[in-house]
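Trainee: Got a predicted structure here, sequence first:
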Amino acid sequence: MRANASAGSKRPISSEPRGSVTVVVLAAGRGVRMKSRIPKVLHPVAGRPMLLWVMAAAHELDPERTLVITNPAQDGVQAALNGQGQTVPQVPQLGTGHALSQVATEHRAPGPVIVLYGDTPLLRGETLKALLAAHRKSAAAVTLLTANLDDPRGYGRIVRGRNGVFREIVEETDATDDQRAISEVNSGVYVFSGRELWPALLKLENKNRAGEYYLTDVVRLIKGKIETVRVDDAGEILGINDRRQLAQAERVMRQRVLDALMVGGVTITDPATTYIDADVAIGQDTVVHPFTTIGGRSVIGQECVIGPMTQVRDSTIGDRSTIERSHLEEAKVGSRVRVGPFSRLRPGTELADEVRVGTHTEIKNSKIGAGSAVPHFSYLGDAVVGANVNIGAGSITANWDGFQKNVTEIDDGAYISCDTIFVAPVRVGSDAATAADTVVTKDVPAGSLAIGRPEMRIVEGYTARRRARQKAVAKK
Ligand code: UD1
Ligand code: CA
């Protein structure tokens, strides 16, 4: 349902329906307290830049327009938004009120204006919906989301009169000791009536210790009723100003991600030691064992066993595969595959169904066909391996000749004995075999054997002669 569905036929000021929602996300701040070269709002929480969490929550309001106030000097923000919302530059950054005043006249609609800060990633869409509903019901000029915190340090405090009626928001730097003791804080989430907001914004001044234009002062300047709504879960309003708060948000978000997976039918043996990013998908009845990290945009099928001690990044894994004590990055793994323990699949690795890989195997930029095995202590780089190939222990592709990477091709059904070295570019035909310890420097035709090692010699009576010599030396 669209947020403006209830709008009547009367059209005030602009041509759009009265209920049309505008969202403004403030994301231009310098984020000095992060001590980072990366813009604060791009620091990831559970693998997703915090700004995108805020955008996702805002999206649930189905807004008519979403404006994101950004600092054009901060690289990457536009790219991270990837077309979500419309960016509005703020130069220089003179405070949260100044940020909001960058909104152009054409976007100053009379309907509800929801202002969010880009550094509050834990905020839920449902909370915003409830806040907007409360605002609409009370027909207030502004509705503030507040929270009671055990440790209110760093936040603006909500000052109320003796009768409990809202008086003002006081920033910590401008607060008296008594005011600092107040545990109710400003979350940084506001629903304004556009009709009241935009004229009030013109009157904003910067007479405070920081010399900034505070959005919180707009609340004082606005004409009309001021409502407050207290959030149920105070944890949602956490504002990330430094890296300790970033870690706090990470912990909360991680638990949310794990909870959602468990609700969806994934077993997580030990949530306390399991780290899964928000954009990871995992199928039903998959079990994730302790000390496992699954990140990026990984997709894992059903009935898999992942971990313990496994790291998976931006990889896909089919159904019923087992990955134990291994490290996967940008790898594609089929179904009923077994990887590990102690193997590493690097970018560009593609394992077809029913492949077996390692103990101690490294594979990079290689395709391994269905049913093939690279079971022990091998390195395959830039290899194309067919189906039902067995690669013996300790076999290695010498894919780099000092100038470029070269391809090793091993066709279907080939039997590679232990300690074979492929000096690429080289090709082993289908059903061909190599003898142990062969250095393959030439193509091996299909069905034939390559044997390339020094002939073995037998030295008879050797041990007896050696022992006699040792005895003679000991007597001296
Ligand atoms: C702000 C509130 C405070 C509230 C707290 C909640 C003000 C004056 N204070 O304080 O009452 O308790 O958030 O987390 O609003 N930004 C801009 N342009 C600027 C300055 C900031 O876009 O010129 C953006 C930042 O990127 C950030 C947000 O506004 O996403 C909040 O700014 P920040 O400096 O973190 O405000 P706080 O000091 O946390
Ligand atoms: Ca903040």
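Mentor: Alright, I've got the coordinates. Ligands and ions are numbered 1, 2, ... in the order given.
Trainee: quick one: low-confidence ranges for the stretch 1-150 of the chain?
Mentor: 1-18 (pLDDT under 70).
Trainee: all strands of it, in order?
Mentor: 22-26, 44-45, 48-49, 65-70, 86-89, 112-117, 142-148 (DSSP state E, counting those that start in this stretch).
Trainee: where's A133 relative to N186, distance?
Mentor: Applying CB to CB, to the nearest Å, the value for A133 to N186 is 20 Å. The way it works is simple: take the backbone N, C-alpha and C, and place the C-beta from them, glycine included.
Trainee: Same check on D401?
Mentor: In terms of CB to CB, D401 sits 64 Å off from N186.
Trainee: Give the residue from those two that has the larger number of neighbours.
Mentor: Taking other CB atoms under 10 Å, D401 and N186 do not tie; N186 has more neighbours (24 against 11).
Trainee: Return the distance of the longest strand seen in the chain from the chain's centre.
Mentor: If you go by DSSP state E, the chain has its longest strand at strand 184-193. Computed by CA atoms, centre = their mean, to the nearest Å, the chain-centroid distance of strand 184-193 equals 28 Å.
Trainee: Spatially nearest residue to the residue in the stretch 51-200 of the chain that ligand 2 sits nearest to (excluding sequence neighbours)?
Mentor: Nearest to ligand 2, among the residues of the stretch 51-200 of the chain, is D119, at 4.6 Å (CB to the ion). Spatial nearest neighbour of D119, excluding adjacent residues (CB to CB, 6 or more residues apart in numbering): I240 at 4.6 Å.
Trainee: what does Q284 give?
Mentor: Counting by CB to CB, 6+ apart, G265 is the residue found nearest to Q284 once chain neighbours are left out, at 3.9 Å.
Trainee: and that neighbour, how many neighbours?
Mentor: G265, neighbours per other CB under 10 Å, totals 12.
Trainee: what's the pLDDT at it?
Mentor: According to the prediction, G265 has pLDDT 98.
Trainee: Next up, the contacts around the residue nearest to D119.
Mentor: M34, K40, H43, V45, M50, D119, T120, P121, L246, A249 (CB atoms under 8 Å, 6 or more residues apart in numbering).
Trainee: buried residues in the helix or strand hosting the last one?
Mentor: It refers to A249. Using DSSP states H and E, A249 falls within helix 243-263. By neighbour count on 16 or more other CB atoms under 10 Å, the buried set for helix 243-263 is Q245, L246, Q248, A249, E250, V252, M253, R254, V257, L258, L261.
Trainee: what is the nearest residue in space to the last one that is not next to it in sequence paired to in the beta sheet?
Mentor: By that I understand L261. Sequence neighbours aside, I282 is the residue nearest to L261 in space, at 5.7 Å (criterion: CB to CB, 6+ apart). Beta bridges link I282 to I300 when assigned by DSSP bridges.
Trainee: Distance check, the residue in the chain that ligand 2 sits nearest to against D437.
Mentor: Nearest residue of the chain to ligand 2, counting by CB to the ion: G239, 3.5 Å away. Per CB to CB, G239 is found 64 Å from D437.
Trainee: neighbour-wise, which of these two wins?
Mentor: The residue with more neighbours, out of G239 and D437, is G239; 19 against 16, by other CB under 10 Å.
Trainee: Might you report the residue contacts of the more buried one?
Mentor: G239 is in contact with Y117, D119, T120, G154, Y155, S187, G188, Q245, counting by CB under 8 Å, 6+ apart.
Trainee: I'd like to check which residues are in contact with G429.
Mentor: D411, A414, D443, V444, P445, A446, G447, S448.
Trainee: pLDDT value on the last one, please?
Mentor: Meaning S448. 98.
Trainee: Check the first one too.
Mentor: Per-residue confidence at D411 stands at 98 (pLDDT).
Trainee: how much space between the residue lying closest to it once chain neighbours are set aside and ligand 1?
Mentor: Leaving aside its sequence neighbours, D411 sits nearest to S430 (CB to CB, 6+ apart; 3.9 Å). Using CB to the nearest ligand atom, to the nearest Å, S430 is found at 61 Å from ligand 1.
Trainee: same deal with D259?
Mentor: From D259 to ligand 1 the distance is 24 Å (CB to the nearest ligand atom).
Trainee: So which of the contacts of G429 wins on neighbours?
Mentor: If you rank these by neighbour count (other CB under 10 Å), A414 sits at the top with 24 neighbours.
Trainee: my guess is that residue meets D431, correct?
Mentor: Yes. With contacts counted by CB atoms under 8 Å, A414 reaches D431, the gap being 6.5 Å.
Trainee: Could you pull up the residues touching L258?
Mentor: Listed by CB under 8 Å, 6+ apart, the contact set of L258 reads I268, P271, T274, I276.
Trainee: cool, L61 as well?
Mentor: Contacts of L61 (CB under 8 Å, 6+ apart): A3, V21, V23, I114, G125, L128, K129, L132.
Trainee: Among those residues, name the ones in helices.
Mentor: Residues from the contacts of L61 lying in helices, with DSSP state H as the criterion: G125, L128, K129, L132.
Trainee: Narrow the residues you listed to just the buried residues.
Mentor: Buried members of the ones in helices among the contacts of L61, scored by 16+ other CB under 10 Å, are L128, L132.
Trainee: Name the pair among the ones in helices among the contacts of L61 with the greatest separation in space.
Mentor: Greatest spatial distance in those: G125 and L132, 10.6 Å, computed using CB to CB.
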